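Visitor: Sharing a model that was predicted from the sequence below.
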Amino acid sequence: VRLVESGGGLVQVGGSLRLSCAASGVALNNVTMAWFRQTPGKEREFTAAIWSSGFQFHADSVKDRFAISRNSARGAVYLQMNTLKPEDTAVYYCAAKYGTHLYTDFAQYKHWGQGTQVTVSS
């Protein structure tokens, strides 16, 4: 399994970004795909997930601003981020796991991308 994130960058407060995760070696319809984010000195924080069934979940801190989606035919998962805030600044990681058990726990995920930096300036 290989996951490659892209789409990060520098954006002003209130702006938008769309992160992409290109997945190979795995069928997206068979796994839970998730986005986590991490700032220095902190653990990876659950941001959003999409189950193999298509159900989507978002952390309370990003609900109504972020949206996870996938295109299984293209092997891609996306995170649309709107109304960005300075506290959204982090490295964002794409992750994959089989099953849905403890899907918000980063320790449950075996497969990770290299991360993409998102910086929101005020």
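Guide: Alright, I've got the coordinates.
Visitor: element containing the residue nearest the centre of the chain?
Guide: Centroid check for the chain by CA atoms, centre = their mean gives Trp35 as the closest residue, at 2.1 Å. For Trp35, the host element (DSSP states H and E) is strand 32-38.
Visitor: Then Ser20?
Guide: Counting by DSSP H and E, the element that carries Ser20 is strand 17-24.
Visitor: Only C-alpha atoms, please: export that strand in PDB.
Guide: The C-alpha atoms that make up strand 17-24 are tabulated as PDB, following Å, rounded to 0.1, in the frame of the first residue of the first chain:
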ATOM      1  CA  LEU A  17      -7.500  24.200   0.200                       C
ATOM      2  CA  ARG A  18      -8.200  20.800  -1.200                       C
ATOM      3  CA  LEU A  19      -5.900  17.900  -0.200                       C
ATOM      4  CA  SER A  20      -5.600  14.800  -2.200                       C
ATOM      5  CA  CYS A  21      -4.400  11.400  -1.300                       C
ATOM      6  CA  ALA A  22      -3.400   9.000  -4.100                       C
ATOM      7  CA  ALA A  23      -3.700   5.400  -3.000                       C
ATOM      8  CA  SER A  24      -2.200   2.400  -4.700                       C
END
